[in-house]
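**Student:** okay, predicted coordinates and the sequence, questions at the end:
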Amino acid sequence: MSVAATHRVSGWGNTTPVRVRLVDDAEVDMSAFGSRGAIPRGLGRAYGDAAQNSGGTVVRATGETIDLDDATGLVRVSAAVSIDELLRHVIPAGWFVPVSAGTRFVTIGGAIAADIHGKNHHRDGSFGDWVRSVRMLLASGDDVVVTPQSDPELFAATCGGMGLTGLIREATVQLIPVSSSQMAVSTRRCNDLDAVMSTMVDAEDTNRYTVAWVDATVRGARCGRGIVTFGDHAEDASGADPTAYRPRSPVRIPGPAVPLVNSVTGRIFSEMWFRRAPRARDDETMSIPAYFHPLDGVDRWNRVWGRRGFVQHQFVVPLDADDVVREALATVAASRPANFLNVLKRFGPGSDRPLSFPMPGWTLTMDLPATAEVASMLRGLDERVLAAGGRHYLAKDALVSPAAVSAGYPDIERFRSVRDRVDPNRVWCSDLSRRLGL
Amino acid sequence: MRDASGGVQNIVVFGGTSEIAVATLAHLITPSTTAVVLACRDVDAGRAVAESLDVADTVEVVVEHWDATAHDSHQGVVDAIGARVGDLDIVIMAAGVLGNQDALEADPTSAVGMIDANVTGPVVTLLACARQMRAQGHGHLVVLSSVASVRVRRAAAVYGAAKSALDQFALAMADGLSADGVDVTVVRPGFVHGRMTAGRPPAPFATTPDAVGAATAAAVRRGRRVVWVPSALRAVFAVLSLLPRPLFRAIADR
Ligand SMILES: Cc1cc2nc3c(=O)[nH]c(=O)nc-3n(C[C@H](O)[C@H](O)[C@H](O)COP(=O)(O)OP(=O)(O)OC[C@H]3O[C@@H](n4cnc5c(N)ncnc54)[C@H](O)[C@@H]3O)c2cc1C
């Protein structure tokens, strides 16, 4: 309680900024955490309040270790290292991260804590499936190595545990081999949601990566029309330096955060985006940044939503509840909030990790303004999602209720009992855990 | 805690039976709300208000005894509320009595209680809440002021001066608190139809508790520091504040 909470932090959606004490792991003093505890933080790409702890401490992971075993693709890496830094190191050696988010500016710690998924979930699962061990700081002050064998419950609770089991310091992760830094990508433009979904299902058998952008600014039969892209790592590209990887530095939007997205620009962007896409194109060669991380081309692009910020709402529903996806898009189309970015993906098998988000089904992600109207619209949808047996992604959430979490994560008691064992006093806690009663 | 749309878990009202506060609550309660605390002098009246609130079963409504004039007890009441519900997400200071200027002039001592209820007590409690919110790293103080505080009329000299002190205090606190993550909204309604003004002739730009509540909730969501209800009063008072005193007197004390 002694040191003032002097740093303003918020999530990527910029909706609930609070004051915290920010410290680096290298100089962490657990006795100074005080009554409001501490939460680890990576690069702050979680959209909501997962990596903030109002009035308390926020610990930034530190360390720069990247120790790659060239022969096996097993890498020992500091939790603070970003996917960007890791890729620069391992691609030239012919390795790639097993799971990529839509941005490469996430840390290994954040990737494990959110058990992140990528466009290859149907085939490769989520990040936790590739983690062989973590070294972490527990509430007791012990620095321990945890593997799925040494402490299966703690390991399972940590992958997807949103930092609430302790600070991850280092991890051993299995990478996947690639023979080039290029992607071979196919595109299909689909005039309705049924076509989008069936194109994705067909593409999954033969493609490592599939994803779709869907349009929620048009009503009626065209609502949910979209662009499906699928592909894989290209075989050894013809160039002299097949694994060269030099992402361009992002451009900056100058000036203060001004809202550029509104219901009119959203509709115009969507129409242009849809028309610009080819009806069908096969095996286009794309770079890794262009394919995986297009948004990273613009630094701090979240500022286009202005000062009031935005929410990214992501849910998953079982495969047979695809009508909930349709209804969600129709609801957004009907109420016409500012909206452009909606991403649809089909998950493969889930895991037994209690707070891990992915489960077999359709997952829809929508960027929307953080207004009271949008909140009540989403609450209506949430009921449908939960009734269908679905759930919400905690790394994105800033809106759902505690009840939505208990309904969506039936295994949450397992998570709580791990915390009761390793952190009975809840030293590790966050605004997310306080808001949702995790 | 607060959610992305500004909905909060805990809302605490001091002067919990105030019509404006109750109307404001109706606009601030969202599905994220888990506790509402009505701190008031008349606990029975507080219970009646609690009964009348339209909230889900999951919301805990607590009535706490709080007397604006019992300054010594304020820190304890604020601590007890924190211990019971957790973070003070939004605190609404709605205590206040209008009083009767003529009666106060006839019985000067009675002005003490009136000033206590309108400014001394609220300041003590707001200081205690501000301290708690600083420690939380977030929070929102909502202070019900009045347009009567902007340029004080002779016909409500004590009330207006007391509100003026509270209004200025809140604005000055806001400057320091924003660096600690705490927001302040000062609400300046005009003449509000309701219990407090029953029997008095309405002034121009009269409004209702519900309109004040709606405007307050919107201002809280947007993080606005001052809200006038109706909003036209802002311009009216910009002019009134500049009038030479004889002219103001002629208009205000008609
Ligand atoms: C543009 C964009 C696209 C995205 N695309 C995807 C996607 O495709 N798939 C997906 O799954 N997610 C996606 N995300 C979400 C993102 O991957 C996760 O929120 C991730 O956790 C962010 O990592 P971070 O390092 O920024 O962590 P932060 O945002 O700082 O923290 C996130 C959580 O991880 C915990 N944490 C961070 N570091 C540690 C540590 N060392 N030890 C323990 N806990 C820790 C924090 O406590 C917090 O709970 C996207 C986000 C953005 C902004």
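**Tutor:** That came through, no problem.

**Student:** tell me if whichever strand or helix holds residue B:13 is near chain A.
**Tutor:** If you go by DSSP states H and E, residue B:13 is part of strand B:10-14. No. Shown here: strand B:10-14 not in contact with chain A (CB under 8 Å from any CB of the partner chain), separated by at least 10.9 Å. For glycine as for every other residue, the C-beta is placed from the backbone atoms N, C-alpha and C.

**Student:** how far does that strand sit from the chain's center?
**Tutor:** Here strand B:10-14 is found 11 Å from its chain centre; the criterion is CA atoms, centre = their mean, to the nearest Å.

**Student:** secondary structure class of the closest residue to the ligand within the stretch 151-300 of chain A, three-state.
**Tutor:** Of all residues in the stretch 151-300 of chain A, residue A:163 sits closest to the ligand, at 2.4 Å by CB to the nearest ligand atom. Here residue A:163 is coil, with the state taken from DSSP: H, G, I helix; E, B strand; the rest coil.

**Student:** and for it, nearest residue in space, chain neighbours not counted?
**Tutor:** residue A:40 (4.3 Å; CB to CB, 6 or more residues apart in numbering or on different chains).

**Student:** confidence score at the residue of the stretch 151-300 of chain A closest to the ligand?
**Tutor:** What the model reports for residue A:163 is a pLDDT of 98.

**Student:** give me the neighbour count for it.
**Tutor:** If you count neighbours by other CB atoms under 10 Å in any protein chain shown, residue A:163 ends up with 30.

**Student:** kindly report the same for residue A:260.
**Tutor:** Around residue A:260 sit 15 other residues, with neighbours defined as other CB under 10 Å.

**Student:** got the contact list for the closest residue in space to it that isn't next to it in sequence?
**Tutor:** In space, residue A:260 comes closest to residue A:304 once its chain neighbours are excluded; the distance is 4.3 Å by CB to CB, 6+ apart. Contact partners of residue A:304, counting by CB atoms under 8 Å, 6 or more residues apart in numbering or on different chains, are A:253, A:257-261.

**Student:** just to check, the residue of the stretch 151-300 of chain A closest to the ligand is in contact with residue A:38?
**Tutor:** No. Using CB atoms under 8 Å, residue A:163 is not in contact with residue A:38, being 9.2 Å away.

**Student:** if we can go back for a sec, any idea how far the residue nearest to residue A:163 lies from residue A:134?
**Tutor:** With the distance defined as CB to CB, to the nearest Å, residue A:40 ends up 12 Å from residue A:134.

**Student:** which one of the two has more residues nearby?
**Tutor:** Neighbours per residue (other CB under 10 Å) separate residue A:40 from residue A:134, with residue A:40 holding more: 32 against 27.

**Student:** so what's the more buried one up against?
**Tutor:** A:51, A:58-61, A:79, A:109, A:113, A:163, A:166-168, A:428.

**Student:** and the stretch 51-200 of chain B, which residues reach chain A?
**Tutor:** Taking CB under 8 Å from any CB as the measure of proximity, the stretch 51-200 of chain B contacts chain A at B:58, B:86-87, B:134-138, B:180-181.

**Student:** got the CA coordinates for stretch B:128-145 in CSV?
**Tutor:** Below are the C-alpha coordinates for stretch B:128-145, written out as CSV (Å, rounded to 0.1, in the frame of the first residue of the first chain):
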residue,chain,number,x,y,z
ALA,B,128,-13.4,9.3,2.9
CYS,B,129,-14.7,7.8,-0.4
ALA,B,130,-12.0,9.6,-2.4
ARG,B,131,-9.3,8.0,-0.2
GLN,B,132,-10.8,4.6,-0.7
MET,B,133,-11.0,5.1,-4.5
ARG,B,134,-7.4,6.3,-4.7
ALA,B,135,-6.4,3.0,-3.1
GLN,B,136,-8.5,1.1,-5.6
GLY,B,137,-7.0,2.9,-8.6
HIS,B,138,-10.4,3.7,-10.0
GLY,B,139,-13.9,5.0,-9.1
HIS,B,140,-16.4,7.7,-9.9
LEU,B,141,-17.8,10.3,-7.5
VAL,B,142,-21.1,11.9,-8.5
VAL,B,143,-22.0,15.0,-6.7
LEU,B,144,-25.4,16.5,-6.9
SER,B,145,-25.0,20.2,-6.9
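
**Student:** related to what we said a few turns ago, find residues that contact each of residue A:40 and residue A:134.
**Tutor:** The contact lists of residue A:40 and residue A:134 share A:79, A:168, where a contact means CB under 8 Å, 6+ apart.

**Student:** count of neighbours near the residue of the stretch 51-200 of chain B found nearest the ligand?
**Tutor:** Among all residues of the stretch 51-200 of chain B, residue B:137 sits closest to the ligand, at 16.0 Å; criterion: CB to the nearest ligand atom. Residues lying near residue B:137 (other CB under 10 Å) number 28.

**Student:** so it touches residue A:20, yeah?
**Tutor:** Yes. Residue B:137 is within contact range of residue A:20, at 5.9 Å (criterion: CB under 8 Å).

**Student:** can you pull the residues that touch both of those two?
**Tutor:** A:5, A:53-56.

**Student:** after the one helix or strand residue A:154 maps to comes which helix or strand?
**Tutor:** Assigned by DSSP H and E, residue A:154 falls within helix A:152-158. Toward the C-terminus, helix A:152-158 is succeeded by strand A:167-174 as the next helix or strand (DSSP H and E).

**Student:** help me confirm that residue A:373 is found in a strand?
**Tutor:** No. Counting by three-state DSSP, residue A:373 is located in no strand; its state is helix.

**Student:** can you pull out the strands in the stretch 151-300 of chain A?
**Tutor:** A:167-174, A:176-177, A:182-190, A:209-214, A:226-233, A:251-252, A:280-287, A:298-299 (DSSP state E, counting those that start in this stretch).

**Student:** which strands or helices does the fourth one pack on?
**Tutor:** Counting contacts by 3 or more CB pairs under 8 Å, 6 or more residues apart in numbering or on different chains; DSSP states H and E, strand A:209-214 is packed against helix A:193-204, strand A:226-233, strand A:342-347.

**Student:** wait, isn't residue B:32 in contact with residue B:6?
**Tutor:** No. Contact criterion CB under 8 Å: residue B:32 and residue B:6 do not qualify, at 9.3 Å.

**Student:** quick one on the thing from earlier: anything in contact with each of residue A:163 and residue A:38?
**Tutor:** Listed as contacting both residue A:163 and residue A:38 by CB under 8 Å, 6+ apart are residue A:428.

**Student:** walk me through which strands the helix or strand of chain A with the lowest mean pLDDT pairs with, and which way each runs.
**Tutor:** When each helix and strand of chain A is scored by mean pLDDT, DSSP states H and E, strand A:251-252 comes last, with a mean of 82. Note on strand A:251-252: by DSSP bridges, its sheet partners are strand A:298-299 (parallel).

**Student:** number of nearby residues for residue A:347?
**Tutor:** 20.

**Student:** distance of it from the ligand?
**Tutor:** Per CB to the nearest ligand atom, to the nearest Å, residue A:347 is found 11 Å from the ligand.

**Student:** just the element for the residue in the stretch 201-350 of chain A that chain B sits nearest to, please.
**Tutor:** Nearest residue of the stretch 201-350 of chain A to chain B: residue A:311, at 4.7 Å (CB to the nearest CB). Using DSSP H and E, residue A:311 sits in strand A:310-317.
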